[in-house]
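Trainee: Build me a model from this:
(chains A and B)
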Number of protein chains: 2
Amino acid sequence: MTSQAPTFYFPAPRAQKFCSSCGTPLTRRIPPEDNRVRDVCDQCGAVHYQNPRNVVGVVPVRGDRVLLCKRAIEPRYGKWTLPAGFMELGETTAQGAARETQEEAGAQIELGKLYTIIDVPQAEQVHFFYLAKVTSEDLYPGPESIDAAFFKLEDIPWSELSFRTVSTTLRHYVEDAKTGNFPIHYYEIPEPEAK
Amino acid sequence: MTSQAPTFYFPAPRAQKFCSSCGTPLTRRIPPEDNRVRDVCDQCGAVHYQNPRNVVGVVPVRGDRVLLCKRAIEPRYGKWTLPAGFMELGETTAQGAARETQEEAGAQIELGKLYTIIDVPQAEQVHFFYLAKVTSEDLYPGPESIDAAFFKLEDIPWSELSFRTVSTTLRHYVEDAKTGNFPIHYYEIPEPEAK
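Mentor: This next block holds a predicted model:
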């Protein structure tokens, strides 16, 4: 049979139907010596664990301005964001953050210290933002960005930001910039309800 | 055809052969608008991304002693370790760290602050250790532990520890305990070579 290439591509859905090792349909149940439901293969024995993913990015700063990118992809097409994306195999969080900055903004940076670490359990993600110093005015936004531009802190388009991890990281940055002291922040989104 | 359950189970290997959406054999190549090789399905269009995983654990402290678990599983069977394991979907790093402590040591704890964040690119992992206060002498090690025991800091079995993320976290703890100040530490293992 001739296999025809599809006209579009989509990420593998979190729901898994077939074993990646032997192609057999999977069963959802608790494997031996485990305590939660997994996708297991009763043919070859493979257990298909799924785990949260990391999103890595930067707060790219040039003097009193911060660099934002306008998203050319869903979700949040057209919203302004910090350069960030999924961490890839074989890289560190810092390397991933620098790579995403290059891919999305084409900006020259010196990577600084880790600044925010944000648990986002509803999205099954952990976000990491590093501080970064932008060393040139030249920007070359990649295919995932409509635009890339510097904003003075007082001109950040708060109502046009992409994600809460971005807006809270920027809010921490604006606050810390008043003192010049940038401690590491870690928190959870959404904030847990008071008990 | 009657499918027979296997006599053993194994985690899904990182190498993926079949599409989890439609069961078709996968091709390794760069999908459109991407820049790295992925496992893609030319039948249904699914792209099977793989990303680093997070390991979450604690430094469980009771007065001048730290709680360690003796591993009952490979790798590093029989070595002493801090309670830690893979972060699961739907939980925060803190929730995962507390869960692993319960599962591996059966210890009562009050979770404290985030203490070490360690990139381990060779293992395709990021490790997080929280400080924790053990609130009872009672320990109920689970099936992944041969034993669980308290060690005075001067009696930590350094040559019998499981992983470098564990030994370096404990080394930071012993050092910081001298001053009583426990700042957050983030670093990479192995240390990058000097340029």
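
Trainee: Now do the SS call for the spatially most central residue of chain A.
Mentor: The centroid of chain A falls nearest to residue A:55 when counting by C-alpha atoms, centre = their mean (2.7 Å). Of the three states, residue A:55 takes strand under DSSP: H, G, I helix; E, B strand; the rest coil.

Trainee: Report the contact partners of it.
Mentor: A:84-87, A:125-128, A:165 (C-beta atoms under 8 Å, 6 or more residues apart in numbering or on different chains). The way it works is simple: take the backbone N, C-alpha and C, and place the C-beta from them, glycine included.

Trainee: which one of those sits closest to residue A:6?
Mentor: Using C-beta to C-beta, residue A:86 comes nearest to residue A:6 of the contacts of residue A:55, at 22.0 Å.

Trainee: so that closest one makes contact with residue A:57?
Mentor: No. Counting by C-beta atoms under 8 Å, residue A:86 does not reach residue A:57; the two are 10.3 Å apart.

Trainee: So those two - more neighbours on which side?
Mentor: A count of neighbours by other C-beta atoms under 10 Å in any protein chain shown puts residue A:57 above the other of residue A:86 and residue A:57, at 28 against 15.

Trainee: Quick check, pLDDT for the more buried one.
Mentor: For residue A:57, the pLDDT comes out at 98.

Trainee: For it, give me its contacts.
Mentor: A:82-85, A:97, A:100-101, A:127-130.

Trainee: Please state the mean pLDDT value computed over the longest strand along chain A.
Mentor: Counting residues, the longest strand in chain A under DSSP state E turns out to be strand A:109-120. For strand A:109-120, mean pLDDT rounds to 98.

Trainee: Could you do stretch A:76-89 as well?
Mentor: The model assigns stretch A:76-89 a mean pLDDT of 97.

Trainee: Tell me what residue A:126 is bridged to.
Mentor: residue A:54, residue A:119 (DSSP bridges).

Trainee: Let me know the distance separating it from residue A:84.
Mentor: 12 Å (C-beta to C-beta, to the nearest Å).

Trainee: Could you do residue A:17 as well?
Mentor: Residue A:17 sits at a distance of 30 Å from residue A:84 (criterion: C-beta to C-beta).

Trainee: Who has more neighbours out of the two?
Mentor: Taking neighbours as other C-beta under 10 Å, residue A:17 and residue A:84 compare with residue A:84 leading, 26 against 13.

Trainee: Look up the residues forming beta bridges with that one.
Mentor: With DSSP bridges as the rule, residue A:84 is bridged to residue A:57.

Trainee: contacting residues around it?
Mentor: By C-beta under 8 Å, 6+ apart, the neighbours of residue A:84 are A:55-58, A:97, A:100, A:104, A:127, A:129, A:166.

Trainee: Make JSON lines out of those and add distance to residue A:144.
Mentor: Converted to JSON lines, those look like this (distance: C-beta to C-beta, whole Å):
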{"residue": "A:55", "distance to residue A:144": "13"}
{"residue": "A:56", "distance to residue A:144": "15"}
{"residue": "A:57", "distance to residue A:144": "12"}
{"residue": "A:58", "distance to residue A:144": "15"}
{"residue": "A:97", "distance to residue A:144": "15"}
{"residue": "A:100", "distance to residue A:144": "9"}
{"residue": "A:104", "distance to residue A:144": "5"}
{"residue": "A:127", "distance to residue A:144": "17"}
{"residue": "A:129", "distance to residue A:144": "17"}
{"residue": "A:166", "distance to residue A:144": "14"}
